[in-house]
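Student: here is the input, now give the coordinates:
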Amino acid sequence: MEPALGLTVTIVVLALIFDFVNGFHDAANSVATIVATRVLTPFQAVAWAAWWNFIAALPLLLWHEAGVAKTVGAGMVNLSLVTPPVVLSGLIGAIGWDLLTWYYGLPTSSSHALVGGYAGAAVARAYWEVGSAGVASALIPHGWVRTLLFIFVAPILGMVLATLLMTTVFWLFRDARPRRMDYWFRKLQLVSAAMFSYSHGANDAQKTMGIIASALVAGGFLEEFRVDAWVVLAAHAAIALGTLAGGWRIVYTMGRALTRLRPYGGFCAETAGAVAILFPTYLKVPVSTTHVITGAIAGVGAARRPRAVRWNVASNIIWAWILTIPASALIAATSYFLLRISIGLK
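Tutor: This is a model prediction of the structure:
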């Protein structure tokens, strides 16, 4: 096997492993509320979520529109600096941060770990080749503006939508018996969980597609950036299998430690989260499903009463969000320097 082909295959496999870890890490986003409200058992919940993660591939296959993948793969980092080792280092940074935060049960963003790692590796190469003067050329500023903006907008949007939905539910069912409400919202939560899992697959799987397409361009196997059908299917299969594997440490944090949920609250959180993810997906912006669902769950708790939210848990989550991009970038940059020094990969 040619060295370039071998390295590219390694990167593609590692990207799919990241996608699997993404599904594993973010399984809590899709199933925490439906497990916390005991609508489904943990296994039933992850199977339901994994199915809808995979089904989200259909629109991409039918209409060949992978806007988020293009933003991540070619709209944030200068492609002239992207080589197979840069992509490899970016993936190492993302996977390393994901596993570290999973171990501590923190629901951080796999999406921002990926873009942070990718950017960190590209900046490291620019610094190595040109020095500090070349660092500014490594990133595409306008590609970062909306992504960084939605770090704040997405969870706020999820929180506001969830609060409005909860308020509406309280008003519409103000005379209903709690047991009757639970009966109907347990059924509706199957729909809302499917919507959220679909939105998760629609946005998150595209990020891995963008990295794989970048690796194929950097390796000389594609003349221009594009996302082929096999990449779409592989990315969605990997994230679905990862979701099926589950991530129960984070399920606890999201579903129980942040606030207590009933079926109507789970429905409101998942519905608000799905809308808050599909909107930026339409705008071709990579967002964090973790950020969105955390904001939505907090919005559900706040609609009952502000003290229903454990704000100390929320503050720990926010600190993890703030650290994700710089931490994954640092791990990726260190990985690139080590690869360059130890085996001479450029």
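
Student: any idea how far Ala126 is from Val285?
Tutor: Distance, Val285 to Ala126, by C-beta to C-beta, to the nearest Å: 24 Å. Placement of C-beta: from N, CA and C, glycine included.

Student: over to Leu81?
Tutor: Leu81 is 6 Å from Ala126, by C-beta to C-beta.

Student: which is the succeeding secondary structure element to the worst-scoring helix or strand of the chain on mean pLDDT?
Tutor: The weakest-scoring helix or strand in the chain, judged by mean pLDDT, DSSP states H and E, is helix 248-252 (a mean of 56). Going down the chain from helix 248-252, the next helix or strand is helix 263-282, by DSSP states H and E.

Student: and that next one, how far from the chain's centre?
Tutor: Offset of helix 263-282 from its chain centre (C-alpha atoms, centre = their mean, to the nearest Å): 14 Å.

Student: now the helix or strand that it is followed by and helix 263-282, what's the angle there?
Tutor: Reading on from helix 263-282 to the C-terminus, the next helix or strand found by DSSP H and E is helix 289-304. Following axes from the mean of the first three to the mean of the last three C-alpha atoms, to 10 degrees, one obtains 140 degrees for the angle between helix 289-304 and helix 263-282.

Student: buried ones in helix 289-304?
Tutor: Across helix 289-304, burial judged by 16 or more other C-beta atoms under 10 Å covers 289-304.

Student: and the least confident of those?
Tutor: Lowest in pLDDT among the buried residues of helix 289-304 is Arg304, which has 71.

Student: got the contact list for the closest residue to that residue other than its chain neighbours?
Tutor: Counting by C-beta to C-beta, 6 or more residues apart in numbering, Met166 is the residue found nearest to Arg304 once chain neighbours are left out, at 7.3 Å. Applying C-beta atoms under 8 Å, 6 or more residues apart in numbering to Met166 gives the contacts Tyr264, Gly265, Cys268, Gly299, Val300, Ala303, Arg304.

Student: could you work out the most separated pair of those?
Tutor: Using C-beta to C-beta, the two most remote members of the contacts of Met166 are Tyr264 and Gly299, lying 13.3 Å apart.

Student: any idea which element Leu190 lies in?
Tutor: Short version, using DSSP H and E: Leu190 is in helix 178-218.

Student: next SSE after that helix?
Tutor: helix 229-245.

Student: and the residue most central in space within the chain, what element?
Tutor: The centre of the chain sits closest to Ser111, judged by C-alpha atoms, centre = their mean, with a distance of 4.0 Å. According to DSSP H and E, Ser111 maps onto helix 110-130.

Student: re earlier: ok, the residue nearest to Arg304 to Arg38 distance?
Tutor: 19 Å.

Student: and for Val115?
Tutor: 36 Å.

Student: when these two are compared, which one has more neighbours?
Tutor: Using other C-beta atoms under 10 Å as the criterion, Val115 and Arg38 rank with Val115 on top: 28 against 13.

Student: the more buried one touches Thr147, doesn't it?
Tutor: Yes: here Val115 reaches Thr147: they are 6.6 Å apart, a contact under C-beta atoms under 8 Å.

Student: quick check: neighbours shared by the two?
Tutor: Common neighbours of Val115 and Thr147 (C-beta under 8 Å, 6+ apart) are Met76, Pro286.

Student: show me the contacts for Met195.
Tutor: Met195 neighbours (C-beta under 8 Å, 6+ apart): Trp52, Glu270, Thr271, Ala274.

Student: out of these, grab the one that's most surrounded.
Tutor: Glu270 (33 neighbours).

Student: mind checking how far the closest residue to that residue other than its chain neighbours is from Gln44?
Tutor: Sequence neighbours aside, Ser192 is the residue nearest to Glu270 in space, at 3.7 Å (criterion: C-beta to C-beta, 6+ apart). Using C-beta to C-beta, Ser192 is found at 15 Å from Gln44.

Student: poorly predicted segments of this structure, please.
Tutor: With pLDDT under 70 as the threshold, the chain has low-confidence stretches at 1-3, 25, 27-30, 32-33, 106-107, 246-261, 305-320, 344-346.

Student: tell me the SS of the residue lying farthest from the centre of it?
Tutor: For the chain, the C-alpha farthest from the mean C-alpha position belongs to Asp175; by C-alpha atoms, centre = their mean, that distance is 38.9 Å. Secondary structure, DSSP: H, G, I helix; E, B strand; the rest coil: Asp175 is coil.

Student: next one: phi and psi at it?
Tutor: Dihedral pair for Asp175: phi -100, psi 0, per degrees, to the nearest 10.

Student: ok, so what distance separates it from Met181?
Tutor: Asp175 is 11 Å from Met181, by C-beta to C-beta.
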